[in-house]
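*Asks:* Kindly return the folded structure for what I paste below:
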Amino acid sequence: MKWHDLTGDTCPLARAMGVVGDRWTLLILRECFLGVRRFDGFQKRLGVTRHLLAERLKRLEAMGVLERRPYQERPLRHEYRLTASGKEFAPVLLAMQDWAQHNLPSQEPAPFTFVTRDTGAQVDPVLIDKTTGQELNHKTVLMVLSEAAPDETIQAPASDPAPDTGTEH
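*Replies:* This next block holds a predicted model:
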């Protein structure tokens, strides 16, 4: 099964993976948030092949995450801008960076960080429920099948171990 085949799945995590589920796509989005907009800029910073980069940019455009805008008429050249949908991906990158900083430490300093727009202070992210203000983590939240989904809708491959549903870690 190809990644893009997941975009029609009933599971929202699978659908998200169908759009951003490979390393190049995530790195392209990282570069967008760092201000890169042009094809050559992406290629120079990422070292990805032109073919692969073009394919990923077209996919992100088709999925409504990026939009292509002309910046030069002769020859016609385009830049890529985050759409509203693309901008809403920022908290995902923030959470991924935070997770990696805690679980995959590096001897080198991170090449970028997240800061608040108003003060420039570095952020220390935490996910909260917007209704209750409760912090959301493995101790406060369980993932459960919805009543609308029969037990057979989500099945791990036979070789995967059973998921750990305990809350002690």
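
*Asks:* pLDDT weak spots in the chain?
*Replies:* Within the chain, the segments meeting pLDDT under 70 span 1-4, 149-169.

*Asks:* Sketch out the strands for it, chain order is fine.
*Replies:* For the chain, strands defined by DSSP state E occupy the ranges 66-72, 77-82.

*Asks:* Residues contacting stretch 62-82, please?
*Replies:* Stretch 62-82 has contacts (Cβ atoms under 8 Å, 6 or more residues apart in numbering) with 7, 19-20, 29, 32-33, 37-39, 42, 57, 60-61, 83, 85-86, 89. Where C-beta positions appear, they are placed from N, C-alpha and C, glycine not excepted.

*Asks:* switch to 6 Å and redo it
*Replies:* Contacts with stretch 62-82, where a contact means Cβ atoms under 6 Å, 6 or more residues apart in numbering, come from Val19, Cys32, Arg37, Arg38, Leu57, Leu60, Glu61, Thr83, Ser85, Gly86.

*Asks:* Please check these and keep the buried ones.
*Replies:* Neighbour counting by 16 or more other Cβ atoms under 10 Å classes Val19, Cys32, Arg37, Leu57, Leu60, Glu61, Thr83, Gly86 among those as buried.

*Asks:* Please tabulate those residues in TSV and include distance to Thr113 as additional columns.
*Replies:* Listed next are the buried ones among the contacts of stretch 62-82 as TSV, based on distance: Cβ to Cβ, whole Å:
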residue	distance to Thr113
Val19	25
Cys32	17
Arg37	21
Leu57	26
Leu60	24
Glu61	28
Thr83	24
Gly86	20
